[in-house]
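Chemist: What follows is a predicted protein model with its sequence.
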Amino acid sequence: MNSRKTIFITGVSSGFGNALAQEALAAGHRVIGTVRSEAALRAFQALSVDHAHGVILDITDFARIDSVVAAIEATHGPVDVLVNNAGYGHEGIFEESPLEEMRRQFDVNVFGAVAVTKAFVPYFRKRRTGHILNITSMGGTITMPGIAYYCGSKFALEGISDTLSKELLPFNIFVTAVAPGSFRTDWAGRSMQRTPRSIADYDASFDPVRKGREEKSGKQLGDPRKAAQAMLQVIASPIPPAHLLLGSDALGLVRDKLNRTAREIDQWEALTLTTDG
């Protein structure tokens, strides 16, 4: 299962996308990656003259996506793996955060990933093969104060991924939601969009959370290179998982959330069962 694959990755300029592109190229795969500037395009293609191919595309430019994907399939041949990595984090107290910031968060993290996936699925279905990796987050299962819009977007992508995995399985197409914990990427740093504070009532509960998140940026436990290597193992698997956690913090926090949910279901079981009939 170590044969060379053609992997399409959105957002290869930084973070997981860049780490995965570098590891995939080192392993002999061909990588087609989206970037958003000429400078980023040159930097990406310099990684490998023969096997790194960049395309300038903002994944919220929905009208262009189908034609870009069609051109890639025509120019580079069949894409084997789609990795929806492009995304960013929004931090802000729910009450303070404008609705427009939520729209932008969902445009990139959900609608962008969905639009790119929709463009590739017909090709995968016709070939009866393919693998889609959606980079979600432990924040698609657990929540923390100040990231309601972000968690909402990742919960949405988790649900879409899981449903899509069932729809595409008859065609030998796999979908894996990859849910990282805290990693040394720009998520909590340069790429984080932060809504300014405005309501004093939240100062005591939230200001320490924001400060802690800023201070931990760049010092997180997770190594993006090791995450990329784990993703390559999933890509090489003949029967990849529908959901994969990355990182000991994600494992602990998600397990705790699922255990608490199970206990609450049991606690309220009697009331739950009163509504049949």
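Modeler: Thanks, I have it. Worth saying up front: this structure is predicted, and the values here are computed from it rather than measured. Residues are numbered from 1 along each chain as shown.

Chemist: Please, which helix or strand holds Ile160?
Modeler: helix 148-168 (DSSP states H and E).

Chemist: Just give me how far that helix sits from the chain centre.
Modeler: 10 Å (CA atoms, centre = their mean, to the nearest Å).

Chemist: Tell me the helix or strand right after it.
Modeler: Counting by DSSP H and E, what follows helix 148-168 is strand 173-180.

Chemist: if we can go back for a sec, same question for the helix holding Ile160, mean pLDDT?
Modeler: Helix 148-168 shows a mean pLDDT of 98.

Chemist: Can I get it as PDB, trimmed to CA atoms?
Modeler: Output in PDB follows, covering the C-alpha atoms of helix 148-168 (Å, rounded to 0.1, in the frame of the first residue of the first chain):
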ATOM      1  CA  ALA A 148     -18.500  28.800  19.800                       C
ATOM      2  CA  TYR A 149     -18.300  29.700  16.100                       C
ATOM      3  CA  TYR A 150     -15.200  27.600  15.600                       C
ATOM      4  CA  CYS A 151     -16.600  24.600  17.400                       C
ATOM      5  CA  GLY A 152     -19.900  25.000  15.600                       C
ATOM      6  CA  SER A 153     -18.000  24.900  12.300                       C
ATOM      7  CA  LYS A 154     -16.100  21.700  13.300                       C
ATOM      8  CA  PHE A 155     -19.200  20.000  14.700                       C
ATOM      9  CA  ALA A 156     -20.800  20.700  11.300                       C
ATOM     10  CA  LEU A 157     -17.900  19.300   9.300                       C
ATOM     11  CA  GLU A 158     -17.800  16.200  11.600                       C
ATOM     12  CA  GLY A 159     -21.500  15.500  10.900                       C
ATOM     13  CA  ILE A 160     -21.100  16.100   7.200                       C
ATOM     14  CA  SER A 161     -18.100  13.800   7.100                       C
ATOM     15  CA  ASP A 162     -19.800  11.000   8.900                       C
ATOM     16  CA  THR A 163     -22.900  11.100   6.700                       C
ATOM     17  CA  LEU A 164     -20.800  11.300   3.600                       C
ATOM     18  CA  SER A 165     -18.700   8.300   4.600                       C
ATOM     19  CA  LYS A 166     -22.000   6.200   4.600                       C
ATOM     20  CA  GLU A 167     -23.100   7.600   1.300                       C
ATOM     21  CA  LEU A 168     -19.800   7.000  -0.500                       C
END
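
Chemist: Show me the contact partners of it.
Modeler: With CB atoms under 8 Å, 6 or more residues apart in numbering as the contact definition, helix 148-168 has outside contacts at 84, 87, 89-92, 94, 97, 101-102, 105-106, 109-110, 113-114, 117, 121, 124-125, 130, 132, 134, 136-137, 139-144, 174-177, 179, 242-243. From N, CA and C alone the C-beta is placed, and that goes for glycine too.

Chemist: Helices - which of these land there?
Modeler: 101-102, 105-106, 113-114, 117, 121, 124-125 (DSSP state H).

Chemist: Let me see the backbone angles for Ser48.
Modeler: Main-chain torsions, Ser48, degrees, to the nearest 10: phi -160, psi 110.

Chemist: Wait, it touches Leu25, no?
Modeler: Yes. When contacts are counted by CB atoms under 8 Å, Ser48 is listed as touching Leu25 (4.8 Å).

Chemist: which neighbours do those two share?
Modeler: Common neighbours of Ser48 and Leu25 (CB under 8 Å, 6+ apart) are Val31.
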